[in-house]
Every structure is written in structure tokens, then in C-alpha cells.
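how does the following fold in three dimensions:
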Amino acid sequence: MLRYTAKRFLSLLISLAVASLVIFVVIEVAPGDPASFMLGMNAQPETLAALRTELGLDQSRLDRYLAWVGGMLTGDFGTSYTYRTPVTEMIGDRLWVSVPLAIYALALSIIVAFPAGIYAASRRGGAGDIGVMGATQLGVAVPNFWFAMILVLIFSINLRWFSAGGFVGWDKGLWAGLHALTLPAIALALPQAAILARVMRSSLLDVLGEDFMRTARAKGLTARQALWRHGLRNALIPVLTIIGLQFSFLLAGSIIIEQVFYLPGLGRLVFQSISARDLIVVESVVMLLVFSVIVVNFLVDLAYAAVDPRLRART
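Residues are numbered from 1 along each chain as shown. The predicted structure follows:
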């Protein structure tokens, strides 16, 4: 297990190094100069040059890349061009919204998907299976931003159970914070729950056809007992992969939902920074999101090895 972990960790480091280079190059070659954007079209050349020097934009791209990477290794993401505040503080403030929202949405997704997938697999070809698969097909097809607006229309405007947008802050209490994130979490969780339920059903059906499941039934276990004692654990390997990818997607892909609900999260920060050509913020947030994806995949790989010892034997 130690050798397997070391190899996966080395792969993680290489992936992060390559990702940082790609992110920097792609964002830096984008058209538009942050200094010109901040000062406007009629800025004097001397003023523009002074601002570029202040922002460090007069340095070579290699020097800026090395300074950016070196700063990230020490926890310093630089200073925002637009807001003139440390990027670390800006990201930290918004993580308190985006991370709980992603965890909340993932929890809702798992709570819905696991029972639905298990129920459908245990009733293959029956009315329950058809109903669950139809519901999941609808969940995958419905855009989450459209579903979010429907939720606002029903629960905020008509029933007035939730606010239509904004975030009250965690200083108002845990319940107040979760209440503000409930509708966005439901909107994010719908398509993820549909995908996860389908994967759970498919994985369970594959496991139920294995020889060891027939052996368990031959030893006297009922179908339900065999499923819960032997089938479910062996079906979790592909499900763990999807859960890991879903958390990364929920953390990085909530830009539209945060816009709909006017949430001060990472997605909204990226959107605002792109609009303002605040490159240092965009680079840092995207790198943080990529880091989360790679780390989650690393943890999923370790979970794989814990569930299936055959993966450790292949290294």
C-alpha cells in the first residue's frame, strides 16, 4: 500500500506542475491588458507604464510564472489587480461559501442516489426500475440553472420559504447558513444524483451476476442479504470515482448557480475577475480548483486500493 501511495503521490505532483504551466500560459495569452482595462482607453503612456510596473506586468512571463508558483508554495497568491487586496484573503472568504455548498449538494446527491440506485437494481425490469430510470433520465436532461429558477419561483416567490438569493453568513448561525444554501444545493444536486443513481444501479447489476453472488445465494442467503453483505461493497468502486469527480465538479462548476442565487462563492469570483481582467485572481482560483480535482482523484485512488486489494498487487 505504501508503494502504491508513493506512485500516486508522484503522479499528483507531476499533474500539478503541468496544470500550473498550462493555466498560466492559457490565461496570459488571452487578449487584453489589465492595466489598460483599469485605466481606460485614454490613459497616458506614462501612467500606464507606472501601473504596469506596480502590478509587475513589466516583468517577463517566465519571471511572473516563477514568482506566482513560488508564492503559491508559501501560501501567497499575490495581490488582486482590481481590488488591491491579497488574493488569499479573497479566496478564503469565498471558500466558506463554495465548499459548504459543494458538500451540501454532494450529501443530498448521495442521500437520493444510493437508495434509488439500489432499489432499481433490486427490481430490474420492474415498474420500480423503470420509474427510477425515467426519473434519472429527466434529472440528467434538465439544466440545473433552469431548475434553479423554478425553485426560486416556487419556494422563494410563491411560498416564501427561502430567500431568492444572497448569503447571510455563518456568523448568523449554522441553520441560517444552511437555509440560505438549500435551494442552490438542491439545484446542483439534481443532475448529480441522477448520474450517481444510474451508476449505482449499473454497478450493482454487474456485481449481482458474478459467481460469488450466486455462491452466496446457494449458501442460503436471501437476495436482500446477499446484496447488502457482498454486493454493495463490491459495487462501490465505480461509485467512488463518480463521487470524487462530482465533488470536484460541484466545487468548480457552480458559476451559473452562484450567479442565479447571487452567492459570494468562488464561481462568482472567477466570473467577476474575468470581466475585470484580474488575471492573478483567475489564475489562482483556477489553480486551486484544479488542485482540488487532482487531490480528490488521488484520495479516490487510495479508496480504490482500500476497497480492492488487487489494485495494490498490480503496482
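
state the number of residues packed around Leu106.
Look at Leu106: counted by other Cβ atoms under 10 Å, it has 23 neighbours. Using the backbone N, CA and C atoms, a C-beta is placed for each residue, glycine as well.

you'd agree Glu283 is up against Val22?
No: assessed by Cβ atoms under 8 Å, Glu283 is found out of contact with Val22, at 10.9 Å.

who has more neighbours out of these two?
The neighbour comparison of Glu283 against Val22 (other Cβ under 10 Å) goes to Glu283, with 24 against 12.

how near is the more buried one to Asp93?
18 Å (Cβ to Cβ, to the nearest Å).

Ile237 too?
Distance from Ile237 to Asp93, by Cβ to Cβ: 37 Å.

hmm, who's touching stretch 82-90?
38, 75-80, 269, 273, 276, 278, 280-281, 284 (Cβ atoms under 8 Å, 6 or more residues apart in numbering).

end to end, how far does that stretch reach?
12 Å (Cα to Cα, to the nearest Å).

any regions of the stretch 1-150 of the chain where pLDDT drops low?
1, 30-33, 35-43, 48, 51, 55 (pLDDT under 70).

go again using 50 as the cut-off
By pLDDT under 50, the stretch 1-150 of the chain contains no weakly predicted segment.

buried set for stretch 232-246?
Burial within stretch 232-246, assessed by neighbour count using 16 or more other Cβ atoms under 10 Å, is assigned to 232, 234-237, 239-246.

want to throw those into CSV with secondary structure, pLDDT and distance to Tyr4?
CSV is the format used below for the buried residues of stretch 232-246 (DSSP: H, G, I helix; E, B strand; the rest coil; pLDDT from 0 to 100; distance: Cβ to Cβ, whole Å):
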residue, secondary structure, pLDDT, distance to Tyr4
Leu232, helix, 72, 24
Asn234, helix, 72, 20
Ala235, helix, 75, 22
Leu236, helix, 77, 18
Ile237, helix, 75, 15
Val239, helix, 83, 20
Leu240, helix, 77, 16
Thr241, helix, 77, 16
Ile242, helix, 82, 21
Ile243, helix, 83, 20
Gly244, helix, 77, 17
Leu245, helix, 78, 20
Gln246, helix, 82, 24
